[in-house]
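[1] Here is my input; please provide its structure:
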Amino acid sequence: MKQETIEGSLIATAHEVVTAVVNPGDVVVDATVGNGHDTLFLANCVGPGGRVIGFDLQREAVESARMRLTAAGVCEAGYELHALGHEMMGAYVPAGVAAVMFNLGYLPGGDKQVITQVTTTLDALAAAFASLRRGGRLSVMCYPGHPGGDTEAEAVLKWVDGIEAATSSSTCYQRSGARATTPFLLVVEKS
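    A predicted model of the protein is given here:
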């Protein structure tokens, strides 16, 4: 896995690497809708002819994202939001998607006890990777600084390392001066 140290925002970096492979009209996935920031970003990337498919186990997150999309003028035909765990995406996501974004951890402003889990995240990553087209990208923000986040981040790193080099390339982005609890971004591109 390639290692990159950055000075700026990891979220901005995630947006840059996704923007590089997404075109108007594409299908993309927000695997962890949260408050809908990445969902709106993805909707803007694919435009009115594209589609964003989003997942979040917490109904309040899905409603928050729906309100954000509506306020931004995104047409309802351009997205579908599911109040389901991301491990269910295989049943709803077609093959050939351009990008899948994950922002692991807990819902900002929500209950910090409700977090993404290792087993469901690994299932979701496998489904996401299978759905990607050639040249498509997974973007995974990991947060090892909260209870359970360290275990999940380690499992995600192992999963990325376990993907055959012939089928993907991967990069880990970290801020300069990162510690063990500092968030990091993993990007996997399907060959």
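[2] so when I look at Leu138, I'm seeing a strand, right?
    Yes - according to DSSP: H, G, I helix; E, B strand; the rest coil, Leu138 belongs to a strand.
[3] Give me the neighbour count for the closest residue to it other than its chain neighbours.
    When the adjacent residues along the chain are set aside, Leu138 lies closest to Val188, with 4.3 Å between them (Cβ to Cβ, 6 or more residues apart in numbering). The C-beta positions use only the backbone N, C-alpha and C, and glycine is treated the same way. Around Val188 sit 23 other residues, with neighbours defined as other Cβ atoms under 10 Å.
[4] Pretty sure Val188 sits in a strand.
    Yes - assessed by three-state DSSP, Val188 belongs to a strand.
[5] can you give me the helices for the protein?
    10-19, 37-46, 59-71, 118-131, 149-162 (DSSP state H).
[6] so which of these is the most packed in?
    Mean neighbours per residue, mean count of other Cβ atoms under 10 Å, is largest over the helices of the chain for helix 37-46, with a mean of 23.
[7] what's in contact with it?
    The set of residues that contact helix 37-46 without belonging to it, under Cβ atoms under 8 Å, 6 or more residues apart in numbering, is 14-15, 18-19, 22-30, 32-33, 50, 52, 54, 65, 68-69, 72, 74, 78-79, 81, 98-99, 101, 103.
[8] List only buried entries from those.
    14-15, 18, 22, 26-30, 32-33, 50, 52, 54, 65, 68-69, 74, 78-79, 81, 98-99, 101, 103 (16 or more other Cβ atoms under 10 Å).
[9] circling back to that earlier point, okay, and which of the contacts of helix 37-46 map to strands?
    Cross-referencing the contacts of helix 37-46 with the strands (criterion: DSSP state E) gives 27-30, 52, 54, 79, 81, 98-99, 101, 103 as the overlap.
[10] circling back: next, find the distance separating the residue nearest to Leu138 from Val156.
    Using Cβ to Cβ, to the nearest Å, we find Val188 at a distance of 10 Å from Val156.
[11] and for these two, which residues touch both?
    Common neighbours of Val188 and Val156, counting by Cβ under 8 Å, 6+ apart, are Val140.
[12] which residue lies farthest from the center of this protein?
    For the chain, the C-alpha lying farthest from the average C-alpha position belongs to Gly177; by Cα atoms, centre = their mean, that distance is 24.2 Å.
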